[in-house]
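>>> Model the following, please.
(4 chains)
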Number of protein chains: 2
Amino acid sequence: MLQATASILERKYKDQHLEFDFASTSAFIDLREVILTRKEHELLALLLENAGDIVPREILLERVWGYSRDIRTRTLDVHVRRLRKKLFPYGETYIETIFGIGYRFQRYREPRNFSSFVPELIAV
Amino acid sequence: MLQATASILERKYKDQHLEFDFASTSAFIDLREVILTRKEHELLALLLENAGDIVPREILLERVWGYSRDIRTRTLDVHVRRLRKKLFPYGETYIETIFGIGYRFQRYREPRNFSSFVPELIAV
DNA sequence: CACACCTTTTACAAAACTTTTACAACTCCA
DNA sequence: TGGAGTTGTAAAAGTTTTGTAAAAGGTGTG
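Residues are numbered from 1 along each chain as shown, chains lettered A, B, ... in the order given. Okay, here's the model as predicted:
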């Protein structure tokens, strides 16, 4: 059973390892408190609001930075990097790069056993 | 009864094994998520928009690559190959080669029984 | 104003993706 | 059945996008 929630009304996101308060500037990774800067917070918030969905670079740059399209900058990448670091050791797991498009926040998922394969149904 | 749909308005194609979102960059083969690159996505989208119909090489090269006629290239073939791989194990089934013309996407069809009894589902 | 901290830019490295190349395998029809 | 034409494929080369360290630029506060 998945217990992740990301309601804007609740102003909170929570899963097995990450707790994030949309109203506050701090988060928790397991038991460790993580202080986010403003941009980091906005960036993560936007990704979390769309958890599970890809958010294009353009949208991130527009919403968090107010940049219009066609701006070439590495700012977003640098922030993603710092965010991932602060989410250690789950940074790479949570924030996924979608090449050529943008980024996606993925809810934490319990690692899979090799023995629990998905059976294929065949009509005989 | 066939349940495949490919409406551009719905922006989604879905049949028994493949789920494809025209707006997104990812698809699903059974329960496995498949990340498509831009070209792969465009190519599959074009084939899906014409599901059941042959799409000539020339059209594919023109629409996806902007190539004008008479260009000799193996690019299309290479992309088809990679697409088929990502659609494993249905790649060959879905994307059919029409020799001398082009390619055709075929909706998934339930294997036919010769006997008329209700099939039994077996997990293998 | 000086310091600390945050943000952006720069310059390059690394990774991912696309196209080409070279040749093998296949198809169709004379 | 054999050869011209077409498609399949692996690997190399080329291009684009993303990652990263470090420096430069801002901002707020004592």
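>>> tell me the pLDDT at the most centrally placed residue in chain A?
Residue closest to the average C-alpha location in chain A (CA atoms, centre = their mean): residue A:105, at 2.7 Å. Predicted confidence (pLDDT) for residue A:105: 97.
>>> Could you pull out the helices in chain A for me?
For chain A, applying DSSP state H gives helices covering A:38-49, A:57-65, A:75-86, A:91-94.
>>> Break down chain A into its strands, ranges please.
Here chain A has its strands, by DSSP state E, at A:12-14, A:18-21, A:26-29, A:32-35, A:54-56, A:95-98, A:102-105, A:121-123.
>>> burial measure for residue A:74, as a count.
Number of residues near residue A:74 (other CB atoms under 10 Å in any protein chain shown) recorded here: 8. Just so you know, the C-beta spots here come from the backbone N, C-alpha and C atoms, and that holds for glycine as well.
>>> nope, residue A:88 is what I meant
Using other CB under 10 Å, the number of residues around residue A:88 comes to 11.
>>> Run a quick check on residue A:33 versus residue A:26, I expect a contact.
Yes - assessed by CB atoms under 8 Å, residue A:33 is found in contact with residue A:26 at 5.7 Å.
>>> and the gap between the residue nearest to the centre of chain A and residue A:51?
Distance of residue A:105 to residue A:51, given as CB to CB, to the nearest Å: 5 Å.
>>> Identify the residue spatially nearest to residue A:19, adjacent ones excluded.
residue A:28 (4.2 Å; CB to CB, 6 or more residues apart in numbering or on different chains).
>>> what's the burial count for that neighbour?
Residue A:28, neighbours per other CB under 10 Å, totals 14.
>>> Who does it form a beta bridge with?
On the basis of DSSP bridges, residue A:28 is bridged to residue A:19, residue A:33.
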